[in-house]
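# Generate coordinates for the sequence data below:
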Amino acid sequence: MKPDYKDAFLLALERGIAEPAGKWCVYNAVRLSGLEETWKKVLECEQGLRPEFMNLEADGLSTVAGFEEPNACNHAVIFAGRNRKINEQNIIRAWNACETGGQIIVAGDKTAGIGSLRKWVSQRTEITDSFSKHHAVVFWINKQGENWEKPDLTKQIDGYHLAEGMFSSDGPDKASQLLTEHFDKRIGGPVADLGAGWGYLSNELLKRTGKVTELDLFEADYASLEAARKNVKLQGDLPIGFHWCDVTTEFKKKPYQWVIMNPPFHSGRAAEPELGKRFIQVAASTLPSGGRLLMVANRNLPYEDTLNKVFRHFKVLQERDGFKVIEAVK
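Residues are numbered from 1 along each chain as shown. Now for the predicted structure:
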């Protein structure tokens, strides 16, 4: 059976480990199939990934991209992901947000390190109870005593503002660096950066060409987009747009002269080439005749058929370190 902390959490609620009363803050909130309406009314969810955010809103849950700190609630839920530091920080945030006596529930898959996370919590406070089901663990604690010190997961690398959990959180990735080598004076007019991350490509583009007349960044991760606001240095009165957007489903096209991108090709840890193909299709849809796409991708990703279908022609400009830089003309 596939590990599923969501099923384990719902089973815990069915067993009556908590009551739908007061204000429950949910960190790293996820869609829960079959969640009772009484629970939906008391949950306030935080989710910075745009597709998950939209799923939660569609389910009728009160959802924000990020809680305003200091947050305040009666109880809390943390759904653990694969990043240990973020899991720990979310537990600390929940502990500090809860009233004394408030219940804090943590759920996660065994394969994602929930056991070591439980041990980390037990070194700070008593575990009230726990159980295992569906290859997952659910445990809960009660807020007692002083607030815990929250670690700062932000960092600066080569002048860029980054944070734990973002794509390429240790600095520019090799693929993006390779792509910037092809940013030159040809690139100008209105430009879109699809999957802009924390703004590296956009900022490097502005450093290398003075012909951009308008720049729009589109990114699904809210924290990365907020970092991009700090990282993309304004050039005079150049209009720059920062769009929290799921490029694959809600992009609103307009006539750009260029699109630049290092498209995502993973969903979690699983390779998903269809995601990159969809980015290529979106790029083609927004470029007028003669418009150009400049992108980088892993050399083995099968994007050529899609490029042939939606662009007039394309060429591989360079291959290096397992990556390929492609320019396509609409």
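# What's the local residue count around residue 153?
17 (other Cβ atoms under 10 Å). (C-beta placed from N, C-alpha, C; glycine too.)
# how much space between it and residue 91?
With distances taken as Cβ to Cβ, to the nearest Å, residue 153 is found 13 Å from residue 91.
# just residue 43 next, same as before
18 Å.
# quick one, which of those two is more surrounded?
Taking other Cβ under 10 Å, residue 43 and residue 91 do not tie; residue 91 has more neighbours (23 against 20).
# The nearest residue to residue 240 once chain neighbours are set aside: which element?
Excluding its sequence neighbours, the residue lying closest to residue 240 (Cβ to Cβ, 6 or more residues apart in numbering) is residue 215, at 4.9 Å. Residue 215 belongs to strand 212-219 when elements are defined using DSSP states H and E.
# Adjacent strands (with direction) for that strand?
strand 189-194 (parallel), strand 240-244 (parallel) (DSSP bridges).
# helix or strand right after it?
Trace forward from strand 212-219 with DSSP H and E and the next one is helix 222-231.
# Tell me where the stretch 1-150 of the chain has strands.
24-27, 43-46, 62-64, 75-79, 103-109, 129-133, 136-142 (DSSP state E, counting those that start in this stretch).
# rewinding a little: for residue 51, which of the strands paired with strand 212-219 is the nearest?
strand 240-244 (11.3 Å; Cβ to Cβ).
# what angle do that closest one and helix 222-231 make?
Going by axes from the mean of the first three to the mean of the last three Cα atoms, to 10 degrees, strand 240-244 is angled at 170 degrees with respect to helix 222-231.
# What residues of strand 240-244 count as buried?
Judged by neighbour count (16 or more other Cβ atoms under 10 Å), strand 240-244 contains these buried residues: 240, 242-244.
# I'd like to know which of those is nearest to residue 9.
Distances from residue 9 to the buried residues of strand 240-244, taken by Cβ to Cβ, are shortest for residue 244, at 26.9 Å.
# Look up how far residue 166 lies from that closest one.
14 Å.
# can you pull up the bridge partners for the residue nearest in space to the middle of the chain?
Computing the C-alpha centroid of the chain and ranking residues by Cα atoms, centre = their mean puts residue 221 first, at 3.4 Å. Assessed by DSSP bridges, residue 221 has beta-bridge partners residue 49.
# wait, it sits on residue 48?
Yes - in this structure, residue 221 is within contact of residue 48 by Cβ atoms under 8 Å, at 6.0 Å.
# What segments of the stretch 51-200 of the chain are helices?
Secondary structure of the stretch 51-200 of the chain by DSSP state H, counting those that start in this stretch: the helices cover 84-97, 114-122, 174-180, 200-208.
# Flag every buried residue along the shortest one.
Yep, that's helix 174-180 we're talking about. Neighbour-count burial for helix 174-180, with 16+ other Cβ under 10 Å as criterion, is recorded at 175-180.
# check contacts around the residue lying farthest from the centre of the chain.
No residue in the chain sits farther from the centre than residue 145, which is 32.9 Å out by Cα atoms, centre = their mean. Residue 145 makes contact with residue 125, according to Cβ atoms under 8 Å, 6 or more residues apart in numbering.
# State the distance from it to residue 88.
Plainly put, residue 145 is 18 Å away from residue 88 if you go by Cβ to Cβ.
# likewise residue 215?
Distance from residue 215 to residue 88, by Cβ to Cβ: 36 Å.
# higher neighbour count, the two?
The neighbour comparison of residue 215 against residue 88 (other Cβ under 10 Å) goes to residue 215, with 25 against 20.
# Give me the local confidence score for residue 219.
Per-residue pLDDT puts residue 219 at 98.
# Number of residues surrounding it?
26.
# quick one, what contacts it?
Here residue 219 is in contact with 195-197, 225, 228, 242-245 (criterion: Cβ under 8 Å, 6+ apart).
# try 7 Å this time
Contact partners of residue 219, counting by Cβ atoms under 7 Å, 6 or more residues apart in numbering, are 195-197, 225, 228, 244.
# how far away is it from residue 261?
Applying Cβ to Cβ to residue 219 and residue 261 gives a distance of 11 Å.
# joint contacts of the two?
residue 195.
# closest one to residue 291 among the strands paired with strand 212-219?
When these are compared (using Cβ to Cβ), the closest one is strand 189-194, at 8.9 Å.
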